[in-house]
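Engineer: Sequence and computational prediction follow.
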Amino acid sequence: MTRPHFAKAGSRCDSGFTLIEMLVALSLLALISSVLAASIGTARMALAFVERSAAVAPVQGTQAFFRSALAQARPIQRDGTSGSDLSFLGAPSAMTFNTSYSPRAQFEGLYRIEIGFEPSTDQRAGGELILTQTMVRPLAGEDQVPPPVARRRSRLLENVRSVEFNYFGALDDDGILRWRPTWVHLDKLPRLVAVDVQFGKTDTRRWQRLILPLFVSDASSVPCPPRRSC
């Protein structure tokens, strides 16, 4: 009597993957991993570019404001000698001047601009570069009532470590053309204004040093400010 022969139907399924199938699976896994890694790298590069652009935009906007506002700086000549009528008042970390420049690209009159560094109470956060804009001579026609005096205060830059201004020109008392850390004159503007802003060591923002001529000045053959290279 012969024993019945049973077919090994499940032996093929229980034997696992073949070597070829394993190689194909590993190749597909490696291909998917490389595609994912490339996608993550591209996303990181795009995010870093967006962050750098967002950080650079305020710096470029502040530099553009300095160029336009100082290019249109105007002296005030009045009969009185009040300190509020000073055409240009410059300090190492602040300056005040009059300009016809309007950020809205529309002539509205004469503004008094005050730009200064305000340190923060938190030393780790750094200070701020603050702009205060006050209308001193509104533009109005003969039959128009002058608009009320407007005063706006805004932040130009935040998280700033230091700000330094230098002024080139001659004062009446000496007549010598040179760079000065301060400038006080009733009706005379400096020829040049140098603006230097420093950020923290870990800050990715960079400030390109500005040496700006004023509209009413002759800025030819002027040396660099002290401790500066042009």
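Structural biologist: Yep, that arrived. Residues are numbered from 1 along each chain as shown.
Engineer: contacts, neighbours, all on C-alpha from now
Structural biologist: Noted.
Engineer: Where does pLDDT dip in this protein?
Structural biologist: Residues of the chain meeting the criterion pLDDT under 70: 1-16, 43, 46-55, 76-86, 103-108, 123-125, 138-150, 172-174, 186, 216-230.
Engineer: Show me what the lengthiest strand in the chain is packed up against.
Structural biologist: The longest strand of the chain (DSSP state E) is strand 127-138. On a contact count with 3 or more C-alpha pairs under 8 Å, 6 or more residues apart in numbering; DSSP states H and E, strand 127-138 meets strand 109-118, strand 151-160.
Engineer: ok, and what's touching that strand?
Structural biologist: Applying C-alpha atoms under 8 Å, 6 or more residues apart in numbering, the external contacts of strand 127-138 come out as 108-120, 146-147, 149-163.
Engineer: Quickly find the element holding residue 62.
Structural biologist: For residue 62, the enclosing helix or strand under DSSP states H and E is helix 19-71.
Engineer: about what we covered before: okay, the helices and strands packed on strand 127-138, which one's buried deepest?
Structural biologist: strand 109-118 (a mean of 21; mean count of other C-alpha atoms under 10 Å).
Engineer: re the thing from before, the longest strand of the chain pairs with which strands, parallel or anti?
Structural biologist: Sheet pairing of strand 127-138 (DSSP bridges) gives strand 109-118 (antiparallel), strand 151-160 (antiparallel).
Engineer: could you dump those to TSV with distance to residue 131?
Structural biologist: Formatted as TSV, these follow (distance: least, C-alpha to C-alpha, whole Å):
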stretch	distance to residue 131
strand 109-118	5
strand 151-160	5
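Engineer: mind checking which of the ones you listed is nearest residue 59?
Structural biologist: Residue 59 lies closest to strand 151-160 among the strands paired with strand 127-138, at 7.2 Å (C-alpha to C-alpha).
Engineer: Report the angle between the helix or strand following that closest one and strand 127-138.
Structural biologist: Toward the C-terminus, strand 151-160 is succeeded by strand 162-169 as the next helix or strand (DSSP H and E). Interaxial angle of strand 162-169 relative to strand 127-138 (axes from the mean of the first three to the mean of the last three C-alpha atoms, to 10 degrees): 50 degrees.
Engineer: Residue 17 falls within a helix, correct?
Structural biologist: No. Per DSSP: H, G, I helix; E, B strand; the rest coil, residue 17 lies outside any helix segment and is coil.
Engineer: Give the burial count for it, as a bare number.
Structural biologist: For residue 17, the count of nearby residues is 11 (other C-alpha atoms under 10 Å).
Engineer: and the gap between it and residue 26?
Structural biologist: 12 Å (C-alpha to C-alpha, to the nearest Å).
Engineer: and if you look at residue 157?
Structural biologist: 53 Å.
Engineer: what sits against the closest residue to residue 132 other than its chain neighbours?
Structural biologist: Nearest non-adjacent residue to residue 132, counting by C-alpha to C-alpha, 6 or more residues apart in numbering: residue 153, 4.4 Å away. The contact partners of residue 153, by C-alpha under 8 Å, 6+ apart, come to 130-133.
Engineer: could those residues be laid out in JSON lines, adding distance to residue 171 and neighbour count?
Structural biologist: Formatted as JSON lines, the contacts of residue 153 follow (distance: C-alpha to C-alpha, whole Å; neighbours: other C-alpha atoms under 10 Å):
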{"residue": "130", "distance to residue 171": "28", "neighbour count": "17"}
{"residue": "131", "distance to residue 171": "26", "neighbour count": "19"}
{"residue": "132", "distance to residue 171": "26", "neighbour count": "17"}
{"residue": "133", "distance to residue 171": "26", "neighbour count": "19"}
